[in-house]
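Trainee: Prediction below, plus the sequence it came from.
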Amino acid sequence: MADNTNADVKRLSFERAIEELETIVKRLEDGKVPLEESVTIYERGEALKRRCDELLRQAEARVDKITTDSSGQVVGTEPLDVQ
């Protein structure tokens, strides 16, 4: 089942993954989930977190910083330094 879960998570958009992750966090915080189910949904939450991290890294790699000359005119773009 873990393989099916990971395959399912890899198809999710960022928005859908973060929404599901937030739902899992709320359920776990409520403390009303049986132990075995808690472990299962925690594992899914970890997979969702990895998916969100992956999608954010991909988005950051695509973002360009707009460069301007001394008068403020746009002269091009360069990779965004995220460090």
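Mentor: Received it, and whenever you're ready, just let me know what you need. Residues are numbered from 1 along each chain as shown.
Trainee: all contacts plus neighbour counts: C-alpha atoms, from now on.
Mentor: Will do.
Trainee: Where does pLDDT dip in this protein?
Mentor: 1-5, 79-83 (pLDDT under 70).
Trainee: Tell me which other helices or strands the helix or strand I66 falls within touches.
Mentor: Using DSSP states H and E, I66 falls within strand 64-68. Counting contacts by 3 or more CA pairs under 8 Å, 6 or more residues apart in numbering; DSSP states H and E, strand 64-68 packs against strand 74-79.
Trainee: Would you tell me which helix is longest in the chain?
Mentor: If you go by DSSP state H, the chain has its longest helix at helix 35-62.
Trainee: Please spell out which residues along that helix are buried.
Mentor: Buried residues in helix 35-62, counted by 16 or more other CA atoms under 10 Å: 38, 41-42, 44-45, 47-49, 51-52, 55.
Trainee: one step back: got the angle between the strand holding I66 and strand 74-79?
Mentor: Counting by axes from the mean of the first three to the mean of the last three CA atoms, to 10 degrees, strand 64-68 points 150 degrees away from the direction of strand 74-79.
Trainee: Can you get me a residue count around G31?
Mentor: A count of nearby residues for G31, using other CA atoms under 10 Å, gives 10.
Trainee: And for V74?
Mentor: Neighbour number of V74 under other CA under 10 Å is 11.
Trainee: Surely it touches K65?
Mentor: No. In this structure, V74 is not within contact of K65 by CA atoms under 8 Å, at 10.7 Å.
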